[in-house]
Every structure is written in structure tokens, then in C-alpha cells.
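Student: generate a structure from the sequence data that follows.
(one chain, ligands or ions: 3)
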Amino acid sequence: MVGVNLTGRSVVAELQGYYQSQTNQRWLEVLVDCPGTQEVYTYKLPAQLTVQPGDILSVPFGANQVGAIALRFVEHPPVDLSPDKIRAVEDVVSRGFFPPAYWELLNRVAAYYYTPLIAAIRVALPPGLLGRSQRRIKLVGEIKPGVDAFCTPAAKEILALLQAQPNKDYSFIYLQRQVRNAYRGVRELLRLSLVESYLEPPRLTRPKLQKAVTLVSTGLERDITSRQQEILDVLRRQGGDIWLSELLRLCNASPSTLKTLEQKGYVVIEEREMLRQEQGVLQAADEPKTLTAAQSRAVETITQLAGCDRVLLHGVTGSGKTEVYLQAIAPILRQGKSALVLVPEIGLTPQLTDRFRARFGSKVCVYHSALSDGERYDTWRQMLLGEPQVVIGTRSAIFAPLPRLGLIILDEEHDSSFKQDSPIPTYHARTVAQWRAELENCPLVLGSATPSLESWVISREQGRAGSRGNKRAEGAEGAEGTEGERNLKSPHPTPYTLHPTPHTPHPIPERTTTNYQLPITNYQLPTTHYLSLPERIQSRPLPPVEVVDMRQEIQEGNRSIFSRALLEALQQLQARGQQGILFIHRRGHSTFVSCRSCGNVLECPACDVSLSYHHTEEGAPQLLRCHYCNYSQSHPRNCPECGSPYLKFFGSGTQRVAQEITRLFPQLQFIRFDSDTTRTKGAHRTLLTQFANREADLLIGTQMLTKGLDLPQVTLIGVVAADGLLHLPDYRAAERAFQTLTQVAGRAGRGDDPGRVILQTYTPDHPVIQAVRQHEYEGFVEAELQQRVALNYPPHGRLILLRLSSVEASAVENTAGAIASYLNNYITPSWEILGPAPANILRVANRYRWQILLKIATDLQPVLPDWQQVRSLCPNNVSLTIDVDPLNLM
Ligand SMILES: Nc1ncnc2c1ncn2[C@@H]1O[C@H](COP(=O)(O)OP(=O)(O)OP(=O)(O)O)[C@@H](O)[C@H]1O
Ligand SMILES: [Zn+2]
Ligand SMILES: [Zn+2]
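Tutor: Ligands and ions are numbered 1, 2, ... in the order given. Modelled structure (predicted):
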């Protein structure tokens, strides 16, 4: 049978021997491809049909035949379903749709994160994949007269139709329309091997073409009018290449003027494919830069990596990590392979996408969940074509179905947005990337100015032994490297032991295929190399960080939210023609509002949190908004408790800071950059472009502006209050605060003018503040690691968080209690149970939340509880999420 697999190529014959045969099993769970259906359905397997997990099937569903993916065999049908009510699988449409490594990846995600396989498939596949694919029937070889002598009329009719068709090929739907009982007829012909059935992936919608203008003149033209000259100048300033419509708009010119220029041979106008992504702005082509010594060593190491070896690229802010990625990818593309680049949030880094586009043009494709279903789908299909390409995407892009993967890069690998909190699977893209690299046998690069403790610990030993100080790492093949790795405690143990060490027991969750085999690739133990870019490009210094003690400011009579140092720096900004960034931890105006008379704090009716006050400018509506459930109401004139008109605002958000700037420095232009001002599509790009074009002096924003912003004219960074970041109730608060503040500070002084960072805080002696001030990564993480070890927190130990929620307060509390006592019966020396405890914010959007935290020491082989049993303790009105390696404990 011929099918189409994920590589988009037709594969002849089945994948022999990979999946175990399942002849004695008759019940099959499938994922039905029908919009709105969430569940797994059980079907009967007819005796004559052999099915493997991962096959594409057609099954009866309601009154229709629909596409489905075979998930796994089960020994018994569901208890609440009488076996004779269960319908039978109609047919196998395509075998081997998922390449083995990809199918294995999905299974591993399901197993490690204790989720049904279907949940892993959903996160990977674009919506409606099967629905849009078309089943087709094709004749096999020459049909000898008379072979159909014993066939039913339907089969005969189909055979005749196919023979009359020049390509001997029809869609199944067409045959159904033409022939009665086409289903049976096709089955018959398939059994006789006269026809084959295959799944044709839908054709890509035709690329949109648009006219582009390219400058070809030398700049010495004489025979043209000044108007035409002006147009050429605009074109030259745009990098010599622009959409025709854009140029006409910019110059206010007519198409005939352009035509004249074309006739004179100064420009070329041609149709070009319009990129489907919203960032489809043409980028002026860009040449590889001459690398610094540290960059060259990094590129050299990465391009020589063996198998699925990893690199931690630890480069200070502005050290040119992106250029390393670009030059490491170029040879991959030349080898006809593809590269996958994961970034925390795509909208926030239009600059990064632009750089890739400038270097690799249309080979770059952007994939993330904010694309519309259609865009996601098209991009997905495009990847299958197997052309060498660079896919840039957010966490879900780790599942991008690139057939010939040559390199995976995680930029800002420390960023917590690589972790999915909900819905299940609660995967971390870095963990999945490690598996994917192993399964595809391709190298993995983790890049950051502030590596996560997880990555630091893994690379530390080998880094010290080998590549520290930028020596090329050695021992990738040798026994030493292998020993080194084995001594390291992996913070993310794989659910299956892949190492050539004795097999260790691992939990197998209840809902995965238990009968697939490992490993597909020649498994090699990955080595992690440590590479550092310790200096900024052109040896520019890291900006000095001045810590300002805000307690002292108050003592000395300054009640403003800005210290005197920051006020002065802001004052000088315009005069010097420089730009600045103000970082505020929160959006909105104030964190909470309380009544001066009775002390009442205004709270969200649906959550146990205070409402934030939102007010952008004079005359704008004054709102109270919940940052957890988005509830909003207008700001009351009087306290709802006591009627007092004296309501006071506490804490400052971006809006308040913006208002203060307007009041104190009316001449300073600013752009507010937070999730309120960037809601619309493309808003990030628009605001950042305005700022880059110096249409404003200041950018005022939250977390969002900490990432990847590279603007040479930014010299001043003001952190309005660091304290909001420092005191979050989470064991990772310090690590996160250090990373965020270092990244923010790193935006300053990236050009010729030196940078300056003013960090305001009420706790200037806090270790995080001190480490940021001294740009002291290593000292900070080593101290932090000691604490983690002392308390068995990751990366030293592992955590599993059980999140329970319900609209009924008592139901969730009782369930949490029941689960905890069940778990306590299981307790072994390798793990510890914390809780049950109410979540930090007990109620969000009217749901009460409880949690139980399992701490597992990684130096012991944990025996994990029976999750099925745990789930069965949950009544219908309580939902349970098992979050493996949770990042967010709040
Ligand atoms: N070899 C080089 N020669 C000249 N300029 C370079 C070179 N490499 C990088 N650059 C430039 O240096 C600047 C900083 O590089 P880049 O943005 O890649 O740094 P980064 O390490 O990713 O920083 P961050 O982590 O702060 O985002 C960019 O403007 C880039 O174009
Ligand atoms: Zn009151
Ligand atoms: Zn709320």
C-alpha cells in the first residue's frame, strides 16, 4: 500500500518491523478527526485488517465516514459500552503517516507528562489536518482483462472508471458519488491488490504574488527628471528593494512613472511571492558578519558537533549570539537540511525574525499558535515539503514536522514561556527539544545571557573540563565525555532509559501505547559543551548598574516614584539626543485601591485578588480590572463598604509612570509598551519601529521589552522598582528576578555611546540586586544552587505539582485531602509530599484551587504513584492537572 507520510513523499510498502504486530487485539482507541470532538473513541478491529498505532484510518462516525488516527490497542472495551454497539474500523487510509521518530516523540511527551497521547497529538498537529486531506484511490499496474470476473458490480464499475481516467486515479469522494456501495467495492479491490489507497495532503493554497521593485541603477543616471531621481533615491534608502505598492505610496507616484524607469533600465519590476506571515516585510539582504574570535569558536564547535550533542551558548547581552545562530545555520541549509529556532514570544522579537529573513530570505518561516488556523496549516504543509528551511517559532514549534532536521536552537533558553502551564501536556519545549534532538540525531544549541540553572548544572562539569574559556570542547566521542555525562544529574530524566546502563523502572502512564519500540536512531549519549561569549561586540563594556536606595530618597524628602539620579538622567536624555527605557514590573496604573477611611481593598468578585486601577490619560475612563480573570468595572466614586470618597492608589504600573513622565517632562515623547497597548496584531512591531525611528525618547514597559531588543541609541535604562520582582512567593523568584533584571539592563549601551542603568529598590542589599549590579552570573547561580540542593528543589530534585480546582470549595478541599492521604501511603524515601494546601490565590474566576507538591530526589530512582488511581479519586466536579517540572507554583 502506498501512503503519504509526514515527509510528504510517497512511501511504498509498510514500515516493516517498527511497530509490533497486534494481531490478538481487537479493540482500538482512535482520535477522530471531527471538529469539536475531544474524546478518544473505541472501535472494533475487523479480522482482516491490520492496524498500527499512528496509522490514518477511516471510521464510521455518526452518519459519516471520517478520518482518524489509530492511537493504541486496548484489551477490553469501555465498561459502559456494550461490545455489540461498538462500530468497526472501516479501513486503513494511510500507513506510516508519522515518521517513527516523530511518533516516538509524541509518545514520549505523553508518557513523561502523564497525559493521554491524544493531548500530545493535539498540541503537535495543526487543527483540521486530516479533514483537509483527501483520500484517493489509484490503480496498481496493468489490469489484465478478466481479473474482475468474480467481483461485485460496484468493484467492476470502479475499476472501469479508474481505467478510463488518464492518471488511473480518483478521489474517494468522487467514486462514492458515482458508484453505489463504493466502499465495499474499493475494499474488495484493495484486497485483490488491484488498487491502492492513499492520503493526498491538501494542496497549498496558491502563493500570493505581488509586484516588487528592485533598484539596478548605478547612481549616475543622467536622462531622468528630478521626480524620477527622487523615486530612485527613496528606493535606494529603502535598501533598493520594496513592494511596488509600497513605493508608489511612499513617493506618491503613479505606476506609469515607474514603468518609465523600468524602460530606461534603472529598476526591475517583477512578481514575487508574498510571504504569508504578518512580518512579510522585505528585508534588505544582509551578509554574514566577520566574527569575533569568541563567535568563531562557537560557530566552529557547533558546526562540528557530533550526533545529538548539545551546546550551552552563554553569551552576555549584546555579545552577538544571533550572529552565531545565523552562521551555524547557513551550512545546515547548504547540506539540504533544516533548522528549528525556538524563541520565547515571537511578537516581542520582530527584530530577530527580521535578521533571519535578511540572511535567509524566503527560507525563513514563522510558526506559532497565534497564527490563524489557515496560516498554521499552510505553514505546516510547507514544512512537510522537505525543502531546506529555517522555522522560527514559539514553544509549540518544537513539534514542527521538518523532515531533515539538522539543528535545533533555543534562544533565551532560560525563559519560562517555553513551559506550558495549561492545557495538558504541560510540556517544556527545552525538554522536548532534547528528546527531539536525540531522536533525530541532530545537535541542540541552548543560548542565553542568563542560562537556567538546569542548563548551567548540566554543562558545568564538562565546561570546566573541556571548553571553558572557549577552548574547543573535547571528549565528545571518548569514554571521558561519557563518564562525565553519567556523573551529572539530569534535571529532566527521560521517561525511558536510553542510556546503555541497566534498565530502570519508569512510570508508564495509563493512556499511551505500551507496545512501541525504542530507539530509532543509533543512540549516542549526548555531551553538553559549554561555550561562552564573555564580551560584547567590539569590546563594548556592559553598562554600569547604579543601585538607588529608595528608602533613602524618602528620608531625604523625595516622594516621587523617580529617584533624583533617574530624574536627572531623564532630564539629560533629550539634550543628548539619546533614548531611554523605563522598566516597570506591572501594567495598569496601580496595583490596588484601598479606602483611607475603612481600609477596605477593592477586590475582584470572582477571584481572591485586588483589582488594579487602569487609567491611561486625562478624560479616559477609569477602570478597575482583574489581572487574573480580566473582569472589569468602572472605578467607584465612593468606597463600596463605607461610602467614603477617599480612595487611595497603591503601587505603580506602566500607566502611572507614563502619567508621571507627562507631568514632570512634558517635552519627552514616550511609547507605552505592555500587554494593554500591544493587543492588536502587529502592534509590537509598529511600536518598536516607531521607537527605533526615534519617534519617541522613552519606551515605558513591562517584561515584554526585556527580550532581544537591540537598539544602539538606547543609553539609559531605568528600573522603576525592582522589589515587585524580588519578593514573589516562589522558589524560583530570585533566579527569575536576576534573569529579568540582567536582560533589561542589557538593553543599554549597545551602540557607540556608553550605557547607564539606574536600578531603584527598597532592598539594595538583596543578593539578586548585588549580582545584577556586578554582572555576576556565576557567583549568583552557585549560591542559588546551594539553596536548591539544601531544599531538594530543581535542578537538584524534581517536582510534580498536582493542581486541583472546582467551583465547589469543599469538593476541591476534600479531594485534595483524599489524594494526599492516598499518596502518603506510597511515601518512599525518594519523595516528599507538600500539602495539600490552598493555592496562593485560592479562588480565580470563581474556581477554588488547591495543590499538592511532590518533591522527588533525583539521586534515587523514584517509584511514582499510580496516576490512574489518583485520578479516580477525583469526582467529576473537580479537575486535576498533573504538572511535571512545574515552573509556576503560585
Ligand atoms: N561579528 C560582529 N561584528 C559586528 N557586529 C556584530 C557582530 N556580531 C553581532 N553584531 C551586532 O551586535 C549586536 C548585538 O548582537 P545580538 O543582538 O545578536 O546580541 P545577543 O547576544 O543576542 O544579545 P541579547 O542576549 O542581549 O539579545 C547586533 O546589532 C549585531 O548585529
Ligand atoms: Zn471604606
Ligand atoms: Zn478576577
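Student: the longest strand in the chain is where?
Tutor: Ranked by residue count and defined by DSSP state E, the top strand of the chain is strand 831-844.
Student: contacts for that strand?
Tutor: 606-609, 628-629, 729, 792, 803-804, 813, 816-817, 819-820, 823-824, 827, 848-857, 862, 889-890 (Cβ atoms under 8 Å, 6 or more residues apart in numbering). (C-beta placed from N, C-alpha, C; glycine too.)
Student: with stretch 417-436 instead?
Tutor: By Cβ under 8 Å, 6+ apart, the residues outside stretch 417-436 that reach it are 105, 108-110, 112-113, 115, 119-120, 123, 310, 342, 344-345, 394-396, 398-399, 405, 408, 410, 413, 442, 444, 446, 452, 454-455, 492, 494, 526, 881-888.
Student: now, these that are in strands?
Tutor: Going by DSSP E, the strands hold Arg310, Leu342, Leu405, Ile408, Leu410, Leu444, Leu446, Thr881, Ile882, Asp883, Val884 from these.
Student: Val93: what secondary structure?
Tutor: strand (DSSP: H, G, I helix; E, B strand; the rest coil).
Student: shaky segments in the stretch 51-200 of the chain?
Tutor: 96, 127-134, 199-200 (pLDDT under 70).
Student: what does the stretch 351-500 of the chain give?
Tutor: Using pLDDT under 70, the stretch 351-500 of the chain drops low at 369, 461-500.
Student: residue of it nearest ligand 1, please.
Tutor: Ala449 (4.4 Å; Cβ to the nearest ligand atom).
Student: I figured that residue was touching Gln743, is that so?
Tutor: Yes: judged on Cβ atoms under 8 Å, Ala449 makes contact with Gln743 at a distance of 6.6 Å.
Student: need the overlap of contacts for these two.
Tutor: Thr317.
Student: and ligand 3, which of the contacts of strand 831-844 contact it?
Tutor: Among the contacts of strand 831-844, the residues that sit close to ligand 3 (Cβ under 5 Å from the ion) are Ala606, Cys607, Tyr628, Cys629.
Student: so which of these wins on neighbours?
Tutor: Of those, Cys607 is surrounded by the most neighbours, 20 neighbours in total, counting by other Cβ atoms under 10 Å.
Student: against ligand 3, how distant is Ala120?
Tutor: 31 Å (Cβ to the ion, to the nearest Å).
Student: residues contacting that residue?
Tutor: The contact partners of Ala120, by Cβ under 8 Å, 6+ apart, come to Leu106, Asn107, Val109, Ala110, Tyr113, Pro425.
Student: now the fourth one: how far from Pro443?
Tutor: Yep, that's Ala110 we're talking about. 25 Å (Cβ to Cβ, to the nearest Å).
Student: before we move on, what about the second one?
Tutor: Remark: distance between Asn107 and Pro443 (Cβ to Cβ) = 23 Å.
Student: you'd agree Arg798 is up against Leu853?
Tutor: No: in this structure Arg798 lies outside contact range of Leu853 using Cβ under 8 Å: 11.0 Å.
Student: higher neighbour count, these two?
Tutor: The residue with more neighbours, out of Arg798 and Leu853, is Arg798; 23 against 18, by other Cβ under 10 Å.
Student: give me the element Ser805 is part of.
Tutor: strand 797-806 (DSSP states H and E).
Student: may I ask which two of the ones next to ligand 3 among the contacts of strand 831-844 are separated the most?
Tutor: Ala606 and Tyr628 (8.3 Å; Cβ to Cβ).
Student: from the contacts of strand 831-844, keep the buried residues only.
Tutor: With burial judged by 16 or more other Cβ atoms under 10 Å, the buried subset of the contacts of strand 831-844 is 606-609, 629, 792, 803-804, 813, 816, 819-820, 823, 848-857, 862, 889.
Student: just the ones of those in helices?
Tutor: Here DSSP state H is the test, and the buried ones among the contacts of strand 831-844 give Glu813, Ala816, Ile819, Ala820, Leu823 as lying in helices.
Student: and of those residues, the nearest to ligand 2?
Tutor: Checking those against ligand 2 by Cβ to the ion gives Glu813 as the nearest, at 31.2 Å.
Student: the residue nearest to the closest one when sequence neighbours are not counted and Leu698, how far apart?
Tutor: Excluding its sequence neighbours, the residue lying closest to Glu813 (Cβ to Cβ, 6 or more residues apart in numbering) is Trp850, at 6.2 Å. Trp850 is 44 Å from Leu698, where distance means Cβ to Cβ.
Student: would you mind listing what in this protein touches ligand 3?
Tutor: Cys604, Ala606, Cys607, Cys626, Tyr628, Cys629, Tyr631.
Student: what about the first one, neighbour count?
Tutor: Residues near Cys604, counting by other Cβ under 10 Å, number 25.
Student: contacting residues for it?
Tutor: So Cys604 contacts Ser610, Leu611, Cys626, Tyr628, Cys629, Tyr631 (Cβ under 8 Å, 6+ apart).
Student: what ranges does the stretch 401-550 of the chain have for its strands?
Tutor: 405-411, 444-448, 528-533, 545-549 (DSSP state E, counting those that start in this stretch).
Student: could I get those as a markdown table with mean neighbour count and distance to ligand 2?
Tutor: Shown next, in a markdown table, are the strands of the stretch 401-550 of the chain (neighbours: other Cβ atoms under 10 Å; distance: least, Cβ to the ion, whole Å):
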| stretch | mean neighbour count | distance to ligand 2 |
| --- | --- | --- |
| strand 405-411 | 24 | 49 |
| strand 444-448 | 26 | 47 |
| strand 528-533 | 26 | 56 |
| strand 545-549 | 19 | 34 |
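Student: dump these to JSON lines, plus distance to Gly718.
Tutor: Output for these, formatted as JSON lines (distance: least, Cβ to Cβ, whole Å):
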{"stretch": "strand 405-411", "distance to Gly718": "26"}
{"stretch": "strand 444-448", "distance to Gly718": "24"}
{"stretch": "strand 528-533", "distance to Gly718": "27"}
{"stretch": "strand 545-549", "distance to Gly718": "10"}
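Student: any residues of the protein in contact with ligand 2? List them.
Tutor: Cys595, Ser597, Cys598, Asn600, Cys639, Glu641, Cys642, Ser644.
Student: from the residues you listed, keep the buried residues only.
Tutor: Counted by 16+ other Cβ under 10 Å, the residues of the chain next to ligand 2 give Cys595, Ser597, Asn600, Cys639 as buried.
Student: farthest pair within those?
Tutor: Ser597 and Asn600 (8.4 Å).
Student: tell me, what's touching these two both at once?
Tutor: Cys639, Cys642.
Student: Val51: what's it in contact with?
Tutor: Counted by Cβ under 8 Å, 6+ apart, Val51 has contacts Gln22, Leu28, Leu45, Leu57, Ala70, Val89, Val92.
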